[in-house]
Structures are given as structure tokens and as C-alpha cells.
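Trainee: pasted the sequence and its predicted model underneath.
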Amino acid sequence: PVQSNVAWKDIEALLRHLNAEITEGEGSRVRVCLNGVRAIFHRPHPQKETDKGALVSVRRFLENAGVKP
């Protein structure tokens with residue numbers, strides 16, 4: 001099952017550790033590029049935790065970028 005208590009700051013820290021390029025978009029949008037794969041995510045607000053759907057999207061993005069668990 002997908003966790004539902006992952007803070008967005010922890011996801012950003014993981015992406016930075018993987019040397020992803022992260023840029024701010026409009027509103028809560030965050031653009032991410034890793035190994036030539038691009039995605040746009042929405043930073044959660046007002047809560048700090050990311051919802052399950054976003055976590056599934058982040059997982060799929062990482063897999064497409066060649067990151068293995």
C-alpha cells in the first residue's frame with residue numbers, strides 16, 4: 001500500500017539528492033527534471049503531507065527516470 005504520511009520536503013530532499021533540477025512554477029507547481037525526464041507536481045497546501053495520488057505519480061516519475069528502489 002501507498003503511504004500517506006510523507007512530507008513534501010522529504011520528497012524534495014530525495015529529488016535533490018538524486019541531482020534533479022527543481023524549479024518553482026506558478027502557485028504550488030514544482031517542475032522537476034531528472035535524467036531527461038520532466039514532470040510537474042503540486043506542492044501540498046495547507047498540509048505538509050503529500051496525498052497518495054501524488055506519491056504514486058512521484059514513484060512513476062522516478063521509475064521513468066531510471067531510479068530503482
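Mentor: Perfect, thanks for sending it. In this text, all values refer to a predicted model and were calculated from it rather than measured experimentally.
Trainee: mind checking what secondary structure the most centrally placed residue in the chain has?
Mentor: The centroid of the chain falls nearest to Val58 when counting by Cα atoms, centre = their mean (4.6 Å). Using DSSP: H, G, I helix; E, B strand; the rest coil, the structure places Val58 in helix.
Trainee: dump the residue contacts of it.
Mentor: By Cβ atoms under 8 Å, 6 or more residues apart in numbering, the contact list for Val58 reads 11, 41, 50. Every C-beta, even on glycine, is put in place using the N, C-alpha and C of the backbone.
Trainee: burial of the last one, as a residue count?
Mentor: Around Thr50 sit 23 other residues, with neighbours defined as other Cβ atoms under 10 Å.
Trainee: for it, name its beta-bridge partners.
Mentor: Note on Thr50: beta-bridge partners by DSSP bridges are Val6.
Trainee: I'd like the distance between it and Gly36.
Mentor: 24 Å (Cβ to Cβ, to the nearest Å).
Trainee: please apply the same query to the first one.
Mentor: Ile11 is 20 Å from Gly36, where distance means Cβ to Cβ.
Trainee: if you count surrounding residues, which of the two has more?
Mentor: Ile11 (20 against 8).
Trainee: then the more buried one would be within a helix, right?
Mentor: Yes: according to three-state DSSP, Ile11 belongs to a helix.
Trainee: list the contacts for it?
Mentor: With the criterion set at Cβ under 8 Å, 6+ apart, Ile11 makes contact with 50, 58.
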